[in-house]
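Chemist: Compute the structure for the input listed below.
(one chain, ligands or ions: 1)
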Amino acid sequence: YNYSARNPQVVILGGGVAGVIAARTLHENGFEDYLVIDARDQLGGRLHSTDFGGSTVELGANWIQGTVDTFTGRENPIYNLALKFHLRTAVTDWSNNISFFDSNGTVDYWNIFEDATNAYDALVDNAQQRVSQRGVDLTARTGYSLLGWKPNDIYSMASEYYMFDYEYAQTPDESSWIASSWNEMVSNATKISEFSDTNLMAVDSRGFKIIIQDEAKEFMRPDHVLLNSTVKGISYDEDQVQVVLDSGEVITADHAICTFSVGVLQQNDVEYIPKFPAWKREAVQAMKMATYTKIFLKFPEQFWFDTQFGLYADAVRGRYPPWQNMDLEAFLPGSGILFVTVTGDFSENIERMTDDEVQDEVMEVLRSMFPEVDVPDPEDFMFPRWHTNPLFRGSYSNWPPSFYSQHHDNLRANLGRLWFAGEATSAAYFGYLHGAYYEGQAVADRVMECIINGGHSACNMPYFKQITNPSPY
Ligand SMILES: Cc1cc2nc3c(=O)[nH]c(=O)nc-3n(C[C@H](O)[C@H](O)[C@H](O)COP(=O)(O)OP(=O)(O)OC[C@H]3O[C@@H](n4cnc5c(N)ncnc54)[C@H](O)[C@@H]3O)c2cc1C
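Modeler: Numbering: from 1, shown residues only. A predicted model of the protein is given here:
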């Protein structure tokens, strides 16, 4: 090993939203002795924009989900960054701007779609009641069933998918009833509130990532960042942390803030010395890293629907259901771009197929949606493999029904001088950019408090050594 001359007070592992906001929080408080390390060649993490057929598209996060809370005036910090950097966005209308299809072409199932919308609203309302009555969690599927929603035909299945999986990237059977409703809950549920129903899609030729890259340029010096550097090992104790890079360089710091995704923590890409204690391992492995995949197609010209969305009902639930039209004035006019989204197991399965195999399946579906059109082959075709990517191992966390709030505390808790932050450590906003933002801020505050005040309470977050069932069988 090559022991580094670099010896920062705080090393921040990962330069996504959580890492950059943690660094900014240190800077705002006069702490300049930090180093951000990332394996990629740029900051942004899952804010990942790329060129596709002459247009900029977002492989990762795409929406600012909620802007300003109409009751409290509280603002989504991602929305504020977007305003600051004049990000071009378009309002997405998920609920009204849709065309419906099955494998025989256009079909009208608005009534069923409305039933699915009402069932989802009831699911959220009832979850809120369970929280106020301290009821145990169940799967969202159980919740749906208790409310009488039984999707037994392809149109109900596609509509339910659109309301549920399209957001959480997993099925209702795999998801917590209570946690999947949190983002929609307002008012009496403490600390949990959405900002607003407005969803703004980033459609900026500079990429959504500029909100974090340009923010970083304002305060981060070049010697504050080490890119193209993959962390291979982290050893930690009560006094310091050592980080081993792929180059063999070893960086020693007083504190490390690890912002790797929970998917990365679950795998063996990084060696932790000592191995995480049992309570931490259980929390890490109990969370689910779900996968959400946008499959992009570019055609010489638009031949498809004029609405923002097209919802395709297949006999197999989750098989290429929501299609989105980018060739609209507010989005990427004249781009000839259409994309379809898949999630969960379906995403993991297509990652094991070749691009050509996936393209063949997608085109077969698209041709069945437009039987009257002579649909040409796409000029360009692309999809990312988030699940296989060792820097992410999925797209974002989804709270399973067997994950307790104590697990969540344990996921967040530090191990000596090794601290954790990222979208998954946000109880209220897991899965979202604003979750990563708030967690980056909170962890930096805690590390600074530990540096300034020291002592047990400032330097040790509470955790549960064992999570037990209060009334075992
Ligand atoms: C397909 C997709 C769609 C999404 N859609 C939305 C959306 O519309 N709206 C929304 O709010 N959120 C969305 N999200 C979620 C959002 O992108 C994340 O919540 C957020 O970006 C996570 O930020 P983070 O800082 O916690 O983690 P990350 O961005 O993952 O940052 C962690 C960093 O660690 C680095 N890293 C990992 N391992 C190593 C290693 N061994 N060595 C060095 N560096 C390493 C990675 O390169 C990465 O840059 C989406 C995510 C995806 C993938």
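Chemist: per-residue pLDDT, the residue in the stretch 151-300 of the chain that the ligand sits nearest to?
Modeler: Per Cβ to the nearest ligand atom, Val231 is where the stretch 151-300 of the chain lies closest to the ligand, at 3.6 Å. Where you see a C-beta, it was placed from the backbone N, CA and C, and this is true even at glycine. The score at Val231 is 98. That number is its pLDDT.
Chemist: and it, what does it touch?
Modeler: 13, 37, 39, 243-246, 260, 270 (Cβ atoms under 8 Å, 6 or more residues apart in numbering).
Chemist: go with 10 Å
Modeler: Contact analysis of Val231 by Cβ atoms under 10 Å, 6 or more residues apart in numbering lists 11, 13-14, 37-39, 243-246, 251, 256, 258, 260, 264, 269-271.
Chemist: How about the residues of the stretch 351-473 of the chain by the ligand?
Modeler: When proximity is defined as Cβ under 6 Å from any ligand atom, the stretch 351-473 of the chain approaches the ligand at 386, 391-392, 395-396, 422-423, 431-433, 435-436.
Chemist: Can I get the buried part of the residues you listed as one PyMOL selection?
Modeler: Only the buried members of those enter the following PyMOL selection, criterion being 16 or more other Cβ atoms under 10 Å:
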select buried, resi 386+391+392+395+396+422+423+431+432+433+435+436
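Chemist: Sort out for me which of the residues of the stretch 351-473 of the chain next to the ligand are in helices.
Modeler: Using DSSP state H, the subset of these located in helices is 433, 435-436.
Chemist: Up against the ligand, what does this structure have?
Modeler: Taking Cβ under 6 Å from any ligand atom, the part of the chain that reaches the ligand is made up of 14-19, 37-40, 45-47, 60-63, 65, 230-231, 259-261, 264, 269-270, 292, 386, 391-392, 395-396, 422-423, 431-433, 435-436.
Chemist: Can you show me the strands along the stretch 351-473 of the chain?
Modeler: 380-382, 396-398, 418-420 (DSSP state E, counting those that start in this stretch).
Chemist: which helices and strands does the second one pack with?
Modeler: What that stands for is strand 396-398. Packed against strand 396-398, as judged by 3 or more Cβ pairs under 10 Å, 6 or more residues apart in numbering; DSSP states H and E, are the following elements: helix 165-168, helix 177-182, helix 262-266, strand 288-290, helix 433-453.
Chemist: That strand - which strands sit beside it in the sheet, and in what orientation?
Modeler: According to DSSP bridges, strand 396-398 has the following sheet partners: strand 288-290 (antiparallel).
Chemist: So for Tyr161, what's the nearest residue that isn't a sequence neighbour?
Modeler: Among residues not flanking Tyr161 along the chain, Pro321 sits closest, at 5.0 Å (Cβ to Cβ, 6 or more residues apart in numbering).
Chemist: Tell me how many other residues crowd that neighbour.
Modeler: By the other Cβ atoms under 10 Å criterion, the neighbourhood of Pro321 contains 27 residues.
Chemist: ok, it touching Gly344?
Modeler: No - Pro321 is not in contact with Gly344 according to Cβ atoms under 10 Å; the separation is 11.7 Å.
Chemist: List only buried entries from the contacts of Val231.
Modeler: Among the contacts of Val231, those classed as buried by 16+ other Cβ under 10 Å are 11, 13-14, 37-39, 243-245, 251, 256, 258, 260, 264, 269-270.
Chemist: from those, which ones fall inside strands?
Modeler: In this view, the buried ones among the contacts of Val231 that belong to strands under DSSP state E are 11, 13, 37, 243-245, 251, 256, 258.
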